[in-house]
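Novice: okay, here's the prediction I keep looking at, along with the sequence it came from:
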Amino acid sequence: GNWTFTPSTPLANGTVINAVAQDPAGNTSGPASVTVDAIAPPAPVINPSNGVVISGTAEAGATVILTDGNGNPIGQVTADGSGNWSFTPGTPLANGSVINALAQDAAGNTSGPASTTVDSVAPATPVLDPSNGTVISGTAEAGATVILTDGGGNPIGQATADGSGNWSFTPGTPLTNGTVINAVAQDAAGNTSGPVSTTVDAVAPATPVIDPSNGVELSGTAEPGVRVILTDGNGNPIGQTLADGSGNWSFTPGTPLANGTVVNAVAQDPAGNTSGPASTTVDTVAPATPVINASNGSVITGTAEVGAKVILTDGNGNPIGETTADGSGNWTFTPGTPLANGTVINAVAEDAAGNASGPASTTVDSVAPSAPLLSISADGALLTGTAEPNSQVRIVVNGDTANPITVTVDGAGNFSLPFAPPLITGELIAGVAVDAAGNVSGPATINAPDLAPPTISVPEAADTWINAAEIGDGIQVDVTVRPTMQVGQVVTVKFAGQNGYEAEVSHTLTAGDIAAGNLTLTLTPPGGMGPFPEGASTVTADINGGTASTPVPFTIDTIPPATPVLSLVGNILTISAEPGTELTVTVDVGGVTATATVTADNSGLASLNLLTDLDIDFSWDQLLNAQVSVVGRDPAGNPSNTASIGVGTSIEQPVTIGNFGLDVSLNPLNPRFGFSGTTEPDSSVVIRVITPALNVELLPIQADSSGNFSLNLLSPTILTQLGLNITDILNLGSQISFNLVSTDSNGNDSAAYGITLTPNGLSLNIGQIDVNGTSGDDVLSGANGSSEHINGGDGSDLIFNVGTGDHVVAGNGNDTIQITATDFVSIDGGAGFDTLVLANGIDLDYNAVGVGTLSNLERIDLGKGDSGSVLTLTAAEVDAITDANNTLQITGENNDTLNVVGAVNTGTTQLINGITYDVYTFGSTTLLIEDNTVQVVV
């Protein structure tokens, strides 16, 4: 269906061509029309390309034909209705490839060519200047687009580098301090550089420091790397410079600045932030000549302009050193080696601006003046003397070097110094002369007259008391004589007592007194007056009637305390005396003595355990033969008369009850109910009858001269007291129990005995017997032939005669328990320090059959004055016998033996209450065995 026709002459542009189609049958179509277009389209525009995409513009609808530099086809594409076109090669074109482009319109007209060369090389990374966020600038490849984003990738803006590569961008709102700015450069071909980054610095640098200046050079410090901009007081520029890496900067004006010129300096960092200003004023005026004081070469001092540097040289211009005048203008310099006498010292002052003064000069004087001559008036009110003319004399009174007194010597070499009040206490006055160069003379000394009161003491009153024995030869007063006192001075000692009583004694000092340094004067009652009075008193002393010394107070007490009153309960000695009396107790057993000291309390009472509180360990048997004497001393030391007591004759022997018996028949046809026992002869026995419903104390029963007593519970008198009848008694039977207390003819009470009964057919038997102590110190005793439960209670108890079948609970207190047999049931010492005593030389093998149990004991005494005892213990048994402290003391005599197989002697000793113990370890327990007495078998 294609057709073509070539006119013999090309048709002119604009010619209209009409065409119809006619088939062989002669049928003709409708006409078609076209207008001749003979004008070529304009050459297309081809954009720079990196070879990935080729684009540009051309006549709308034109076909853009692309070839390389050798005419080889690359491809073709049609411009859209806006004339834009784009072509993507199958493979990106290589860098440097030439691209030619022709535009061909629909009529076949072809444009002239356009050309570009592929550029696939990315531009260099741009330079991004520091920024304070107001303007962002830098350099990049000329013509490149610089794209700016923040640290989060958000766009900030973009700018195009000019022909010199410079670019800048101003954000609509300045970026905040710390904002990160990233920049990349993109060339016309679309190649993108690597990124560069900076962080907004919107903080101004610190204000620079500008040093004082004389106008020749300006200098100071600032933040390293900042630009320091200098202007005068009117804002006119002086110059600018950069601070180095250490922050130092300097600038030299072309012409030195005039005096008084104001110089302002600001620091500007690379981000463009500008500091506050610093200012100085040019100073070209030299400081005043310094003052240099006379010097001995050790230290050089003087005055100069405040803050000025003082430069020191010798007479030949050699440097000595330099220093700076302080805020008051004072300066000082100490040479490493003192300058020699006669050395010339020159000094110039240089101010902060570098201006130098004229010189000042002095010559070293290192020769000391002679010591001054001192003299003091007799009344101590005026010190006079002579010294080197125009020097100074420094006076030190009584060693007070922290507060010397300085006086100036006149041109004739004389000086004087008054004292108010006068120096009259023997003070040492020392003086030295100091010349203008500071050379110090040797010292001169003199003493002021010594009229100060003397120091005294009363040795007999060291305890604040003087007693009858001490005052018998008067009151001795020790007086300290100072070396500064003088021969002929009079020392007077005065006594002041109750009711205006006074006495005194005087003594004139001799050279011997002063050399000895002390003397003793004795006060005696003056003639016509009685003895020194009782009560509070004082002693003072003075020199020549001057000021009295500090009083020495004491109390005169010559009245002895009352004789102590003694009483014994068991091994507890009770002493009644005046409150506060110190009581010395001496116990004498056959010429062997032991002592202890106690003090009467506020009630006048003191007590002592004769078995445990003495410095020698006595046995109970020994104490029964002892003589006890007590002497009291009051606080003044006056002794009382001696009180004595014989232990064996004075001790309150325990009152016991025992040998209990029953005669009982509960048969109503032949009723009987008798109860009997024995106690101390002629004692009064109080029996309390106890039933489930009754607790009745019967009228006392009198024991006969042999100590026997009995009770018929069925007698009418007893039944009446009980409010019961015979049938009631028979029915109660073993529900009846008794509580008994016996009081001997001296009024001493026994312990409380509790008796229970047990049934035995139509009869009754004695059940448990309880012996109960009190909360005080008790003397208790087991009864022969009875099995008792002995309860000591509180207090320090003495429990005698513990034997067959007995139970003992000693309770709280320091208790002593004497056993006469080993077949007791149990002994518990309880709390406190408890001692078990083996009586009559019995042996105790704790592991043997039939031996009772022991617990809470602190000491086992093997007895004294007997045939000797043998005590055998194992480690486990010792652990069980002792309390939680796991310490057991063993005492006795040389004929006693302790078997503790396995115990280890530590080789050490302990001293307790005057007794030396050898220390052994035995299981978990420490054994303390009396040294050089008990025979130990390990």
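Specialist: Yep, it's here.
Novice: so what's residue 587 up against?
Specialist: Applying Cβ atoms under 8 Å, 6 or more residues apart in numbering to residue 587 gives the contacts 593-595, 610, 614, 618, 623, 626-628. In short, each C-beta sits where N, CA and C put it, glycine included.
Novice: same question for residue 936.
Specialist: Residue 936 neighbours (Cβ under 8 Å, 6+ apart): 897-898, 900, 903, 905, 918, 920, 929.
Novice: what are the ranges of the strands in the stretch 401-550 of the chain?
Specialist: If DSSP state E, counting those that start in this stretch is used as the criterion, the strands of the stretch 401-550 of the chain fall at 405-408, 414-418, 428-434, 444-447, 455-457, 465-466, 475-480, 490-496, 502-508, 518-523, 535-543.
Novice: which of those sits closest to residue 127?
Specialist: Nearest to residue 127 among those is strand 428-434; the distance by Cβ to Cβ comes to 74.2 Å.
Novice: output the contacting helices and strands for that closest one.
Specialist: The contact analysis (3 or more Cβ pairs under 8 Å, 6 or more residues apart in numbering; DSSP states H and E) places strand 428-434 against strand 373-376, strand 392-397, strand 444-447.
Novice: pull out the buried positions in the last one.
Specialist: Under the neighbour-count criterion of 16 or more other Cβ atoms under 10 Å, strand 444-447 has 444, 446-447 buried.
Novice: now it, how far from the centre of its chain.
Specialist: 50 Å (Cα atoms, centre = their mean, to the nearest Å).
Novice: tell me what it is packed against?
Specialist: Secondary elements touching strand 444-447 (3+ Cβ pairs under 8 Å, 6+ apart): strand 373-376, strand 428-434.
Novice: closest one to residue 84 among those?
Specialist: strand 428-434 (107.3 Å).
Novice: pLDDT weak spots in the stretch 101-250 of the chain?
Specialist: Along the stretch 101-250 of the chain, no part satisfies pLDDT under 70.
Novice: picking that back up, JSON lines for the helices and strands packed on strand 428-434, including mean pLDDT?
Specialist: JSON lines is the format used below for the helices and strands packed on strand 428-434 (pLDDT from 0 to 100):
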{"stretch": "strand 373-376", "mean pLDDT": "88"}
{"stretch": "strand 392-397", "mean pLDDT": "95"}
{"stretch": "strand 444-447", "mean pLDDT": "89"}
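Novice: looking at these, which is buried most?
Specialist: Among the helices and strands packed on strand 428-434, strand 392-397 has the highest mean neighbour count (mean count of other Cβ atoms under 10 Å), at a mean of 20.
Novice: partner strands of that one, with direction?
Specialist: Partners of strand 392-397 in the sheet, by DSSP bridges, are strand 405-408 (antiparallel), strand 428-434 (antiparallel).
Novice: among those, show me which one is buried the most.
Specialist: Taking mean count of other Cβ under 10 Å, strand 428-434 is the most buried of the strands paired with strand 392-397, at a mean of 21.
Novice: tell me what angle it forms with strand 414-418.
Specialist: 140 degrees (axes from the mean of the first three to the mean of the last three Cα atoms, to 10 degrees).
Novice: what mean pLDDT does strand 428-434 get?
Specialist: What strand 428-434 shows for mean pLDDT is 93.
Novice: what do you get for stretch 57-71?
Specialist: Mean predicted confidence for stretch 57-71 is 93.
Novice: which parts of that stretch are buried?
Specialist: 57-59, 62-67.
Novice: can you put these in JSON lines and add secondary structure?
Specialist: Formatted as JSON lines, those follow (DSSP: H, G, I helix; E, B strand; the rest coil):
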{"residue": "57", "secondary structure": "strand"}
{"residue": "58", "secondary structure": "coil"}
{"residue": "59", "secondary structure": "coil"}
{"residue": "62", "secondary structure": "coil"}
{"residue": "63", "secondary structure": "strand"}
{"residue": "64", "secondary structure": "strand"}
{"residue": "65", "secondary structure": "strand"}
{"residue": "66", "secondary structure": "strand"}
{"residue": "67", "secondary structure": "strand"}
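Novice: got the contact list for residue 373?
Specialist: Here residue 373 is in contact with 385-387, 444 (Cβ under 8 Å, 6+ apart).
Novice: top of the residues you listed by neighbour count?
Specialist: residue 387 (28 neighbours; other Cβ atoms under 10 Å).
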